[in-house]
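Enquirer: Sharing a sequence plus its predicted fold:
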Amino acid sequence: MVFADHLLFPHLPALANVAFGPRAHGVARAEAEDRARALLDRLGIGHLADRRPAALSGGQSQRVALARALVLEPPLLLLDEPMAALDAGTRLDVRDLLADELRRFGGAAVLVTHDPVDALALADRIHVLEGGRLVQEGVPAEVAARPATAYVARLVGMVRLEGRDGEGRPAVLVAAPADVRLAREDAGAGAPADADPRRLTASGTVRRIEGAAGRIRVTLRLDAHGPEGAATPGDGLVLDPGVEVTAELDAAAFAELRPVAGERLVVRIPRGD
């Protein structure tokens with residue numbers, strides 16, 4: 001088992017921490033240390049074998065914890081938020097290393113994480129819990145492409161919108177925030193001459209603005225009257241009023257539009273296939 005806070009023995013150097021498991025299972029000291037040293041070398045920290053945990057960085061400590069778990073070649077490996085305590089740069093390195101180790105691993109591994117990137121990058125299958133209930137399971141590509149709930153959609157960076165089709169039946173639209181377009185109401189974005197049959201056009205109020213330059217997310221709540229234009233039989237999705245839609249803008253688009261919370265904007269959303 002690998003924990004977020006490592007739980008290494010503070011009084012033992014890295015080599016002894018990793019060798020502890022084999023020694024506890026009756027393996028001779030020399031053989032246990034040989035196994036431990038080989039694994040530390042493979043994880044790129046063999047030169048730190050004599051350091052105690054207090055002298056290791058977060059990423060180094062996590063590698064020692066991973067080595068300690070792997071050295072026994074367990075049939076089941078539980079990774080409990082293994083990268084939660086790491087900074088962004090270290091997390092990338094450890095994630096790559098962990099992906100390589102999991103490909104080598106002969107047993108079953110369970111990764112518990114709140115970071116969707118960890119799940120998408122490391123897992124063969126994903127189980128998503130929402131409010132303590134399993135709401136979706138599947139291979140990463142399926143979960144990312146067809147999120148079952150709005151919560152799952154947010155996790156994988158998509159927008160999931162519910163509404164009805166032209167026959168009045170429940171329908172769902174999934175779109176990437178980068179494909180959602182925003183404009184001011186006075187810019188004519190919803191005018192018939194501007195109409196794009198591949199997009200739904202609606203008006204909404206800006207609820208929040210998040211992110212940093214280069215990846216700025218603007219979330220709107222659609223007006224009660226819903227998308228402009230009534231649906232006719234055979235038309236695509238008409239969104240339910242009050243749903244939230246998120247658009248992702250680059251720095252140039254954000255600087256040109258300069259949206260503010262509480263402002264009403266026109267939003268145009270790809271209809272999908």
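Expert: Thanks, I have the structure now.

Enquirer: C-alpha from now on. contacts and neighbour counts both.
Expert: Will do.

Enquirer: Only the buried residues of the biggest helix by length in the chain, if you could.
Expert: As assigned by DSSP state H, the longest helix anywhere in the chain is helix 88-104. Going by neighbour count (16 or more other C-alpha atoms under 10 Å), the buried part of helix 88-104 is 90-91, 94-95, 98, 101-102.

Enquirer: do the same with stretch 133-146
Expert: 136, 140, 143-144, 146.

Enquirer: and which of those residues is nearest to Thr113?
Expert: Taking C-alpha to C-alpha as the measure, Thr113 sits nearest to Pro140 out of these, at 14.1 Å.

Enquirer: Please, where are all the helices along the stretch 151-273 of the chain?
Expert: Counting by DSSP state H, counting those that start in this stretch, one finds helices in the stretch 151-273 of the chain at the ranges 251-257.

Enquirer: mind listing which of the buried residues of stretch 133-146 are in strands?
Expert: Among these, the subset assigned to strands under DSSP state E consists of Gln136.

Enquirer: Is it possible to get the buried residues of stretch 133-146 out as JSON lines so that each row also shows pLDDT?
Expert: Shown next, in JSON lines, are the buried residues of stretch 133-146 (pLDDT from 0 to 100):
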{"residue": "Gln136", "pLDDT": "97"}
{"residue": "Pro140", "pLDDT": "95"}
{"residue": "Val143", "pLDDT": "95"}
{"residue": "Ala144", "pLDDT": "92"}
{"residue": "Arg146", "pLDDT": "92"}
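
Enquirer: which ones are touching Ala14?
Expert: 48-53, 64 (C-alpha atoms under 8 Å, 6 or more residues apart in numbering).

Enquirer: Run through the residues that contact the most centrally placed residue in the chain.
Expert: In the chain, the C-alpha nearest the mean C-alpha coordinate belongs to Pro116, at 2.1 Å (C-alpha atoms, centre = their mean). Residues in contact with Pro116 (C-alpha under 8 Å, 6+ apart) are 155-156.

Enquirer: Check the one 3 residues further on too.
Expert: Contacts for Ala119 were tallied using C-alpha under 8 Å, 6+ apart; they are 111, 113, 126, 140.

Enquirer: Roughly how far does the last one sit from Val156?
Expert: Per C-alpha to C-alpha, to the nearest Å, Pro140 is found 10 Å from Val156.

Enquirer: Likewise for the second one?
Expert: Here the criterion is C-alpha to C-alpha. By it, Thr113 lies 13 Å from Val156.

Enquirer: just Ala14 next, same as before
Expert: In terms of C-alpha to C-alpha, Ala14 sits 36 Å off from Val156.

Enquirer: burial count for Pro270?
Expert: 19 (other C-alpha atoms under 10 Å).

Enquirer: Distance of it relative to Phe254?
Expert: 20 Å.

Enquirer: And for Arg146?
Expert: Taken as C-alpha to C-alpha, the span from Arg146 to Phe254 is 28 Å.

Enquirer: Equivalent analysis for Glu130, please.
Expert: 32 Å.

Enquirer: Around Ala24, how many other residues sit close by?
Expert: Neighbour number of Ala24 under other C-alpha under 10 Å is 10.

Enquirer: Got the phi and psi for it?
Expert: In terms of degrees, to the nearest 10, the main-chain angles of Ala24 are phi -70, psi -20.

Enquirer: Equivalent analysis for the one 5 residues further on, please.
Expert: Note on Arg29: backbone dihedrals following degrees, to the nearest 10 are phi -60, psi -50.
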